[in-house]
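**Student:** Sequence and predicted structure below; questions after.
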Amino acid sequence: MTQKRPLGFGIIGTGAIAGMHAAAINACEDSQLLAVCSSSPERAKEAAEKFKVPADADWQAFLSREGLDVVCICTHSGNHLEPAIAAARAGKHILLEKPIEVSLERADALIQACTDSGVKLGVIFQNRLKPGYLQLKEAVRSGKLGKLLMGTAAINWYRDPTYYSSSSWKGTKEGDGGAALINQGVHTIDLLLDIMGDAETVYGQVRTMVHAIEGEDTATAILNFKNGALGTITGGTSLYPGNPERLEIYGENGTIILEGGKIVVYAIKGQESVPVPQSEIGGSGASDPMAIDYKLHQGQVSDMVEAIRNDRSPLVSGEDARRSLALILGIYRSSQENKKVRLT
C-alpha cells in the first residue's frame, strides 16, 4: 500500500496561539508545517526564526506555496473573514481559531466562501475532545440522564490588566467582538449547546466593571432551550483569582458536572457512584490564557486531515461554530435592549 503524503499546513497570524497550532501540526504524522504568514516583513522574519519554516508578509505569496493544503487562521477574531476568503478561493481547506468571527454577517460570508470553493471549514473548539466531556456526552446521548432539565456554564475567570493593555485588539468590539464571553466563555458555551441543543430565548446582562476595555468583563444570562430545558451562563475576566470553568448538566435521572474539563460529579439514579478516571490533557485557562497544552489542538488537526481524506465534515464545522456566536451576540443584544430576545 502506498503511504499517503502528509498534508501541508500553513498558518496565517503568528501571535501566541499560532505556537499551539504549530506544535499540534508538527506532532501529527499526517501533517507538516510548510510556511507561516505574518502582518509585516519584520514579524515574518521573527516568525521564520521561531517556527523554522519560510514566512511571508503577503497572503498571495503564502497561498501560492507548493504543497499547501490547509490554512490555519490565527489572526484576531475580527480578522478571520478576509484571509479565509483568500484561502478558500485559492482552494485551501481552512482550520480557524474560535470564535468563527465577530458578527453573523461575517461568519455567514466566511461559511459561504468555503462552500462556494468546495473546501472544508473546521473551527477550533478543542475542549470537545477532553476525555471528561466525551464521557458526559456519551452519557447524555445514551439516555443515562433521561430528559434534560437544565444546563449551566460558568466561566468565571480572571485576566490581569496587562492582558488587555498589551494588545491592540483584545477587549475591543471590532477586533474581539466583545470580551469575556466571545473570547474566553465561547469554549464552554459551545459545549453547553452541543449537549443541550439550541436556545430559543435568552435574557442577558453584561457589564464592564473592572478592566479599561470596550467589551464586557462580567456577564450573566438565563436561557430557554428549544427542548424545554432551562439554562444559565455566567462569565468574566474580572473575577479574581479565576476559577476553573464548570459545565453542569441536569437530567431527570441524574447530574454530571465538569470542572476544568474533569468530571467532579457523576450521579445517576440506580447506579453506584464510581471513581471517574481523570486526565490532565488540555488544562484550564482560568487565570492564564496559555495554561493549556497543544494536545487537544493536535486532535483537531488529525481530525481535519481525516475529514479531507474521507470527504466528511470536520469535528466542528462552520455551521456548528456559528451557534455559539449567535447565542453570545443574543446575550449582548439582550443586555443592550434590557429585554429577553428570541434567537433565530
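**Tutor:** Sure thing, it's come through. These numbers were taken from a predicted model, which means no experiment stands behind them.
**Student:** For the lengthiest helix in the chain, C-alpha coordinates in CSV please.
**Tutor:** Criterion DSSP state H: the longest helix present in the chain is helix 318-337. The C-alpha coordinates for helix 318-337 follow below in CSV (Å, rounded to 0.1, in the frame of the first residue of the first chain):
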residue,chain,number,x,y,z
GLY,A,318,-18.6,26.5,10.4
GLU,A,319,-22.3,26.0,11.0
ASP,A,320,-21.5,24.4,14.4
ALA,A,321,-19.3,27.3,15.4
ARG,A,322,-22.0,29.8,14.3
ARG,A,323,-24.3,28.6,17.0
SER,A,324,-22.2,29.8,19.9
LEU,A,325,-21.6,33.1,18.2
ALA,A,326,-25.3,33.6,17.7
LEU,A,327,-26.1,32.9,21.3
ILE,A,328,-23.3,35.3,22.6
LEU,A,329,-24.5,38.0,20.3
GLY,A,330,-28.0,37.4,21.5
ILE,A,331,-26.8,38.0,25.1
TYR,A,332,-25.2,41.2,24.1
ARG,A,333,-28.3,42.4,22.3
SER,A,334,-30.5,41.4,25.2
SER,A,335,-28.3,43.4,27.6
GLN,A,336,-28.3,46.4,25.3
GLU,A,337,-32.1,46.3,24.9
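**Student:** Which SSE is immediately downstream of it?
**Tutor:** Past helix 318-337, further along toward the C-terminus, the next helix or strand under DSSP states H and E is strand 341-342.
**Student:** That next one: how far from the chain's middle?
**Tutor:** Centroid separation between strand 341-342 and its chain, computed with Cα atoms, centre = their mean, to the nearest Å, is 24 Å.
**Student:** returning to that earlier point: tell me which residues in the longest helix of the chain are buried?
**Tutor:** Neighbour-count burial for helix 318-337, with 16 or more other Cβ atoms under 10 Å as criterion, is recorded at 318, 320-332, 334-335. Heads up, the C-betas are built off the backbone N, CA and C, glycines and all.
**Student:** Which secondary structure elements does that helix sit against?
**Tutor:** Helix 318-337 sits against helix 104-117, strand 121-123, helix 186-196, strand 199-207, strand 218-225, strand 341-342, with contacts defined as 3 or more Cβ pairs under 8 Å, 6 or more residues apart in numbering; DSSP states H and E.
**Student:** for these, which one sits closest to residue 236?
**Tutor:** strand 218-225 (4.4 Å; Cβ to Cβ).
**Student:** same for the very next helix or strand once past the closest one, what does it pack against?
**Tutor:** The helix or strand immediately downstream of strand 218-225 is strand 230-236, counting by DSSP H and E. Under the contact definition 3+ Cβ pairs under 8 Å, 6+ apart, strand 230-236 sits against strand 148-156, helix 186-196, strand 218-225.
**Student:** which secondary structure elements does the last one contact?
**Tutor:** Other elements packing on strand 218-225 under the criterion 3+ Cβ pairs under 8 Å, 6+ apart are strand 148-156, strand 199-207, strand 230-236, helix 318-337.
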